[in-house]
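Q: structure of the sequence below:
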Amino acid sequence: MARYPSSMRCPVCGADETKVIDSRPAEAGNSIRRRRMCASCGNRFTTYERGTLLLMVRKRNGRLEPFSSEKLNNGVMAAVADRPVPREAVADLVEEVEVAVTADGSPVASEEIGRLVLEGLRHLDSVAYLRFASVYKDFQDAEDFGREMAALGRASSAGEPHKLTDEETTLGVGVAHDR
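A: Numbers count the residues shown, from 1 in each chain. The predicted structure follows:
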């Protein structure tokens, strides 16, 4: 059985005895901010306590794996590589997807995560959208790109965001297999 320290160590002197002098909600209620003071050296420091929700992702082959915002971020960053998309926009998209999929706490399908990323990329950069779609939808040839570009063009000319349907997700291009 793991044994946890009974108190927070001072980051300056390493002493075990610290005292909480202030505690309040932070990050819109998602964490607790605590001001602490070391009993040995008097140093004051701040700690944050954050709950962790282990969200599971159901892959296409039925296997469950823990959700990784780092993996999501890496996938989006690969799609926007060498494109004029600000890092902040990528961070916002990753956060929006993470909030959407963690809303009810139940396992989420990897297809839903991909669909949400595509929706976000559609508004950020069409080339990044096509890059991500080519992997997500497992494009096999130029015709797959042509169909997707046509669907993207129809959505753009309509002047409103296009919501991906299940049919469009698999329309003639299949679905990517887990890697």
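
Q: quick one, what contacts the residue lying farthest from the centre of the chain?
A: Farthest-out residue of the chain from its mean C-alpha position, per Cα atoms, centre = their mean: Ser40, at 40.9 Å. Counting by Cβ atoms under 8 Å, 6 or more residues apart in numbering, Ser40 touches 10, 13, 15, 17. Bear in mind the C-beta positions are built from the backbone N, C-alpha and C, glycine included.

Q: ok, it to Glu143 distance?
A: 70 Å (Cβ to Cβ, to the nearest Å).

Q: what are the phi and psi values for the residue farthest from the centre of the chain?
A: phi -90, psi -50 (degrees, to the nearest 10).

Q: same check, this time on Lys19
A: phi -120, psi 140.

Q: what's across from it in the sheet?
A: Met37 (DSSP bridges).

Q: that one contacts Gly42, correct?
A: No: using Cβ atoms under 8 Å, Lys19 makes no contact with Gly42, being 10.6 Å away.

Q: which stretches in this structure count as helices?
A: 69-80, 87-102, 110-124, 126-136, 142-158, 166-170 (DSSP state H).

Q: need the ones you listed in a markdown table with distance to Ala26 and mean pLDDT, can you?
A: Below are those laid out as a markdown table (distance: least, Cβ to Cβ, whole Å; pLDDT from 0 to 100):
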| stretch | distance to Ala26 | mean pLDDT |
| --- | --- | --- |
| helix 69-80 | 19 | 94 |
| helix 87-102 | 17 | 92 |
| helix 110-124 | 27 | 94 |
| helix 126-136 | 33 | 94 |
| helix 142-158 | 39 | 85 |
| helix 166-170 | 38 | 43 |
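
Q: now tabulate those helices in TSV and tack on distance to Gly29.
A: Converted to TSV, the helices of the chain look like this (distance: least, Cβ to Cβ, whole Å):
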stretch	distance to Gly29
helix 69-80	19
helix 87-102	14
helix 110-124	24
helix 126-136	32
helix 142-158	36
helix 166-170	35
